[in-house]
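Enquirer: need a structure here:
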Amino acid sequence: MPAYTTQGLSAATTFQGINITSTASTGNLIHNMPISNEDRVWMWASNRDSSDRTLTVAIEGVLTTSSQILNIPTRNGLNQIFNGLTLKSSGVTEIDIRAWASVTNTISIFGYVMRQGTTGPDKLYTTEVISGGDGDGSGINVVATASAGNTAHTAAGTNGIDKVYLYATNLNAAADRVLTVEWSGTGAEDRFAQTIPFRDGLILLSPGLCLPTGASILVFADVTTDVNIWGEVYREVDP
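Expert: Have a look, this model is predicted:
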């Protein structure tokens, strides 16, 4: 059977955020798939501006048949672009994914691909708790209110990849809170912010975004001690 390996988008090989600087249809290169490859693509966009922004994503720059235009709300965390979309090159030309925004330097793209390789076994996964807590899977109280935030998780192991599922809950009884996540870096492009409503249970922050060995996820909130973080990790290992 075909073997799949997890890789970063070609513009972010260590899974950090990709800053969208372009506002024209030439776009920023997000991912390049070489000739004779097959990739399943997962991508999300976040808006770090104070107003909603528009993002256009095009495959091979084709606006009419291979593009989508998305409204990316402010403080809405990660917004799905592709959820395992399969792209397969013809064996003659490479495939590019490009993106541009209505306003420069306001949107980041995060993601990864599962690339089909030669026949062989797929990777195996072990289930872990996020490392920033007590090691038993209980919640992590967010004390920090600025960068660099509290550590939610650091990917361990050797040359591995963690697929991280993160959730947040708001302990305040009357007011929403805003949580900022710093993913594999502390630059503006590595951050996404999400409003955490009060009395609304667990809010999904990361739906399996990848983290390479040694990289960390940091979090901070607009008000100290009002938000808790929960999560689990699927760690990719060789069979």
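Enquirer: for the rest of this, base every contact and every neighbour count on C-alpha atoms.
Expert: Noted.
Enquirer: shaky segments in the protein?
Expert: 1-2, 61-65, 118-122, 239 (pLDDT under 70).
Enquirer: for the longest strand seen in the chain, packing partners?
Expert: Identified as the longest strand of the chain according to DSSP state E is strand 107-119. Contacting strand 107-119 under the criterion 3 or more CA pairs under 8 Å, 6 or more residues apart in numbering; DSSP states H and E are the following elements: strand 2-8, strand 18-19, strand 38-47, strand 203-212.
Enquirer: and the angle for that strand with strand 203-212?
Expert: Inter-element angle recorded for strand 107-119 and strand 203-212: 50 degrees (by axes from the mean of the first three to the mean of the last three CA atoms, to 10 degrees).
Enquirer: partner strands of strand 107-119, with direction?
Expert: strand 2-8 (antiparallel), strand 18-19 (antiparallel), strand 38-47 (antiparallel) (DSSP bridges).
Enquirer: following the shortest one, which helix or strand comes up?
Expert: When you say that, I think you mean strand 18-19. Using DSSP states H and E, the next helix or strand after strand 18-19 towards the C-terminus is strand 28-33.
Enquirer: contacts for that following strand, please.
Expert: 9-12, 18, 20-22, 39, 89, 94-100 (CA atoms under 8 Å, 6 or more residues apart in numbering).
Enquirer: helix or strand for the residue lying farthest from the centre of the chain, which one?
Expert: Here the centre of the chain is the reference, and by CA atoms, centre = their mean the most remote residue is Val92, at 30.5 Å. Per DSSP H and E: Val92 is located in neither a helix nor a strand.
Enquirer: ok, the closest residue to it other than its chain neighbours to Trp44 distance?
Expert: Nearest residue to Val92 in three dimensions, chain neighbours excluded: Ile35, at 6.1 Å (CA to CA, 6 or more residues apart in numbering). Distance, Ile35 to Trp44, using CA to CA, to the nearest Å: 24 Å.
Enquirer: just to revisit the earlier point, quick one, the longest strand of the chain and strand 28-33 angle?
Expert: Here strand 107-119 runs at 10 degrees with respect to strand 28-33, directions being taken by the same axes, to 10 degrees.
Enquirer: strand partners of the very next helix or strand once past strand 107-119, parallel vs antiparallel please.
Expert: Note on strand 107-119: by DSSP H and E, the next helix or strand toward the C-terminus is strand 124-129. If you go by DSSP bridges, strand 124-129 pairs up with strand 227-237 (antiparallel).
Enquirer: ok, and what's touching the strand it pairs with?
Expert: 123-130, 137-142, 152, 160-172, 177, 179, 221.
Enquirer: how far does it sit from the chain's center?
Expert: Distance of strand 227-237 from its chain centroid, counting by CA atoms, centre = their mean, to the nearest Å, is 13 Å.
Enquirer: format the CA atom coordinates belonging to that strand as CSV.
Expert: What follows is strand 227-237, C-alpha atoms only, in CSV (Å, rounded to 0.1, in the frame of the first residue of the first chain):
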residue,chain,number,x,y,z
VAL,A,227,-8.8,30.7,30.5
ASN,A,228,-7.8,27.1,30.8
ILE,A,229,-6.2,25.1,28.0
TRP,A,230,-6.7,21.4,27.4
GLY,A,231,-5.4,19.1,24.7
GLU,A,232,-3.9,15.9,23.4
VAL,A,233,-1.2,15.0,20.9
TYR,A,234,-0.9,12.3,18.2
ARG,A,235,2.9,11.8,17.8
GLU,A,236,4.1,10.4,14.5
VAL,A,237,6.7,7.7,14.8
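Enquirer: Gly111: neighbour count?
Expert: Using other CA atoms under 10 Å, Gly111 has 28 other residues around it.
Enquirer: wait, it touches Leu209, no?
Expert: Yes: contact criterion CA atoms under 8 Å: Gly111 and Leu209 qualify, at 6.5 Å.
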